[in-house]
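**Q** curious how this folds, go ahead:
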Amino acid sequence: MGILKSRLFKIIAIIVSIPVVLFGVYLLIMIITDYKPDKAIKLEIDNNQKSVIKKDESISIITFNIGYGGMDKDQDFFMDGGLGSRSKSKEKTLENITKISAFLKSKNTDFIMLQEVDRKSTRSFKVNEVEFMKDALKDYASSFALNYKVFWVPIPISKPHGSVQAGLLTMSKYGVESSTRYSLPGTEAFLRQLGDLDRCVQENRIPVEDGKELVLVNAHLSAYDKGGVIRKQQLQFLKEFVQKEFEKGNYVVVGGDWNHSMPGTDPSIFKTKQAFPDWLKTIPEDFAPKRYKWVIDKTVPSNRTVDIPFKKDVNFLSVIDGFLVSPNVDVISTKGINLEFENTDHNPVLTELKLK
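**A** Below is the predicted model:
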């Protein structure tokens, strides 16, 4: 009987130790494969164009977070309290990005700034959305900056988020002199950071006929850091970054998903049955450098909550996408385009500008 007990205890010990060993192996792999980009990385420019911006011509820019082709109106997301962690299917991913690319083509803007564009990720069923967009929009130069590269996100346990490669895609009908990925400051706690985004901005330099440059910055800032410490660091970095470029005499446009309620906007104007989400903070009034202008549409929500699928007049809505432009850029028009979150949890924002 004693021998049987001893063997039983050994078997139980082995069974109990298996998850610990597996976690250790997983953690080791995550540490080894952890994406640690340099502070500045030169990016490849595909299909570069030849035209130069003229000062007497208007330029149009659209920013759009495409939600990795998986955050359509029927989806929720586990990080915000929902259950979803992936697109519904490969077919649905392709349907979403096909409709998004067709919309972008119909607008025919000079510049396109996209966030959450996947490149063979589990959550989007391995669809290479970067190549898809480049193929669908052949008249544009393009460059891509990774801001999310993780071997395996193990949660939720029932259907893990999985392997992720995603980032920022900027497209231009004008020639691009250079494209650079700049890491943003601030990191989460060790274990969380291993599975989280490595936030960055993507700077694109476009020549202007007067010898200056349009510095076009594609941004996707942090959303979930407790206490907002990381967000403050990122905003300070961005403030100093754009101010230096303006002091050089360049034209500066920052666009993207700020993950903050934009200055001057009021979410209470949108009908909702939900409370103001804890993660949503407002960009401080003193953030923008002197005489810089916010370019937003206060009347059209650019984002919805994703703890539940989209239901009209139920989800909390806000304006977190838009642009910041330097004093030497005139704003002709700005329009948020309400697509009712059909294919992603964001709405696009389009602006028309002129360089002074």
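
**Q** quick check: end-to-end length of stretch 280-288?
**A** Taking C-alpha to C-alpha, to the nearest Å, the first and last residues of stretch 280-288 lie 19 Å apart.

**Q** list the helices and strands the helix or strand residue 239 falls within packs on?
**A** Following DSSP states H and E, one finds residue 239 within helix 229-247. Helix 229-247 sits against strand 213-220, strand 251-257, with contacts defined as 3 or more C-beta pairs under 8 Å, 6 or more residues apart in numbering; DSSP states H and E. Every residue, glycine included, has its C-beta placed from N, CA and C.

**Q** report the buried residues of that helix.
**A** Residues of helix 229-247 classed as buried by neighbour count (16 or more other C-beta atoms under 10 Å): 230-235, 237-239, 241-243, 245-246.

**Q** partners of the host helix or strand of residue 335 in the sheet?
**A** Per DSSP H and E: residue 335 is located in strand 329-336. Its sheet considered, strand 329-336 pairs with strand 349-355 (antiparallel) by DSSP bridges.

**Q** can you give me the strands for the stretch 51-200 of the chain?
**A** Along the stretch 51-200 of the chain, counting by DSSP state E, counting those that start in this stretch, strands occupy 58-65, 111-118, 141-153, 162-172, 178-183, 200-207.

**Q** any low-confidence regions in this structure?
**A** Applying pLDDT under 70 to the chain flags the ranges 1-33, 187-195, 226-227.

**Q** any chance of the helices and strands packed on helix 229-247 in CSV with distance to residue 91 and mean neighbour count as columns?
**A** Below are the helices and strands packed on helix 229-247 laid out as CSV (distance: least, C-beta to C-beta, whole Å; neighbours: other C-beta atoms under 10 Å):
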stretch, distance to residue 91, mean neighbour count
strand 213-220, 27, 25
strand 251-257, 26, 26
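
**Q** just the strands of the stretch 51-200 of the chain: most buried one?
**A** Highest mean neighbour count of the strands of the stretch 51-200 of the chain: strand 111-118, a mean of 27 (counted as mean count of other C-beta atoms under 10 Å).

**Q** ok so, going back, ok, so of the buried residues of helix 229-247, who is nearest residue 80?
**A** Nearest to residue 80 among the buried residues of helix 229-247, counting by C-beta to C-beta, is residue 231 at 16.7 Å.

**Q** pretty sure that closest one is touching residue 281, no?
**A** Yes. The pair residue 231 / residue 281 is scored as a contact, 6.8 Å apart, by C-beta atoms under 8 Å.

**Q** what sits in contact with each of these two?
**A** Counting by C-beta atoms under 8 Å, 6 or more residues apart in numbering, the contacts common to residue 231 and residue 281 are residue 260.

**Q** tell me the domain ranges of this structure?
**A** 1-33, 38-355 (automatic domain parsing).

**Q** spatially central residue in the chain, please.
**A** By C-alpha atoms, centre = their mean, the chain has its centre lying nearest to residue 115, at 3.5 Å.

**Q** wait, that one touches residue 220, no?
**A** Yes. Between residue 115 and residue 220 a contact is recorded at 4.3 Å, counting by C-beta under 8 Å.

**Q** now the common contact residues for these two.
**A** With C-beta under 8 Å, 6+ apart, residue 115 and residue 220 have common neighbours 65, 168, 256, 257.

**Q** closest to residue 339 among those residues?
**A** Set against residue 339, the nearest of the shared contacts of residue 115 and residue 220 by C-beta to C-beta is residue 65 (12.0 Å).

**Q** mind listing what that closest one touches?
**A** Taking C-beta under 8 Å, 6+ apart, we find residue 65 in contact with 114, 115, 116, 220, 256, 257, 303, 321, 344, 345, 346.
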